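In: below are the sequence and a predicted model; questions follow.
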Amino acid sequence: ADVAEEAKRVAAAKRLLSAKARKKGAGDAVAKTNIDHDSAEPKDKAMRVAIPNTLQRHLMEDLDMIESMRLITLPRTHTVEQVLHQFLKSKASRSEGDAEFVEGIQVLFDMSLSRSLLYRFEKPQYKLLNASQRANTTRRDSSVYGTEHLLRLLVKIPQMFVEQNADPSLLQTFQPRIQELVKYLEKNASTLLVPEYEQADTKYMEMVEAEEAKA
């Protein structure tokens, strides 16, 4: 049953990005780059996602906290899974494909988090989380991480679509929905983006240094 469910999730992500991915995959290229909050669109402007100033400030404040050796407290009060479902429920009228879009974003988040949505300082925290919940094979990253990391994904989505050679018609279908989601996050930022950070302790800093030594 778990295998069948995972297959459905992967299929949903492929539908979101189209099945024309290059052999090496977008993850290989993205993982080598830093998170870039300055631009939310690829150079060829095949797709644009407008990030409001209020959300850009949250991204910068988030980065400042990470650079101050602080970590987002996990699990988040409002997880990605919860936020996406709340977004879907908030729509006055649902159109065909809305539910699939939400599931696709959640799957894309689960597939992208460890590869391209974490700062280096956060990666030991991710490893510790996986080690502590190893027995829970059904746990999804989207049920632990929250709006801060979802926002990072939305910033990166345009470039992901380009790297995956997504069908232009698919871009036209999903771009308005992505923008709707961004507007929903902006409208509810005071609730969904409440700062919850904790200072990294000495043991954690030693793990970070060990990871840096391996790089």
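Out: Yep, it's here. Numbers count the residues shown, from 1 in each chain.
In: can you name the next helix or strand after the helix or strand of the chain with the lowest mean pLDDT?
Out: The weakest-scoring helix or strand in the chain, judged by mean pLDDT, DSSP states H and E, is helix 26-30 (a mean of 33). If you walk from helix 26-30 toward the C-terminus, the next helix or strand you reach (DSSP states H and E) is helix 53-67.
In: how far does that next one sit from the chain's center?
Out: Computed by Cα atoms, centre = their mean, to the nearest Å, the chain-centroid distance of helix 53-67 equals 15 Å.
In: what does that helix rub up against?
Out: Defining contact as Cβ atoms under 8 Å, 6 or more residues apart in numbering, one finds that helix 53-67 is touched by 37, 51, 72, 119, 121-122, 148, 151-152, 155, 182, 185-186, 189, 193, 195, 197. (Glycine included, C-beta is placed from N, CA and C.)
In: if we use 7 Å, what do you get?
Out: His37, Tyr119, Phe121, Glu122, Glu148, Leu151, Leu185, Glu186, Ala189, Leu193, Tyr197 (Cβ atoms under 7 Å, 6 or more residues apart in numbering).
In: and the furthest pair within these?
Out: Phe121 and Glu186 (26.5 Å; Cβ to Cβ).
In: helices or strands up against the lengthiest helix in the chain?
Out: With secondary structure taken from DSSP state H, the chain has its longest helix at helix 168-187. Applying 3 or more Cβ pairs under 7 Å, 6 or more residues apart in numbering; DSSP states H and E, we find helix 168-187 packed against helix 53-67, helix 80-90, helix 147-163.
In: deepest in the core, which of these is it.
Out: helix 147-163 (a mean of 22; mean count of other Cβ atoms under 10 Å).
In: in CSV, list the C-alpha atoms belonging to that helix.
Out: Extracted C-alpha coordinates of helix 147-163, given in CSV (Å, rounded to 0.1, in the frame of the first residue of the first chain):
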residue,chain,number,x,y,z
THR,A,147,5.3,28.2,5.5
GLU,A,148,8.8,29.5,5.5
HIS,A,149,10.1,26.6,3.5
LEU,A,150,6.9,26.6,1.3
LEU,A,151,7.7,30.2,0.4
ARG,A,152,11.2,29.2,-0.6
LEU,A,153,9.7,26.6,-2.9
LEU,A,154,7.4,29.2,-4.6
VAL,A,155,10.4,31.4,-5.2
LYS,A,156,12.3,28.6,-7.0
ILE,A,157,9.4,27.1,-8.9
PRO,A,158,9.8,29.1,-12.1
GLN,A,159,13.4,28.0,-12.5
MET,A,160,12.4,24.4,-11.7
PHE,A,161,9.8,24.5,-14.5
VAL,A,162,12.5,25.7,-17.0
GLU,A,163,15.0,23.0,-15.9
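In: mind checking how far it is from the chain centre?
Out: Worked out by Cα atoms, centre = their mean, helix 147-163 lies 6 Å from the chain centre.
In: how big is the angle separating that helix from helix 80-90?
Out: 80 degrees (axes from the mean of the first three to the mean of the last three Cα atoms, to 10 degrees).
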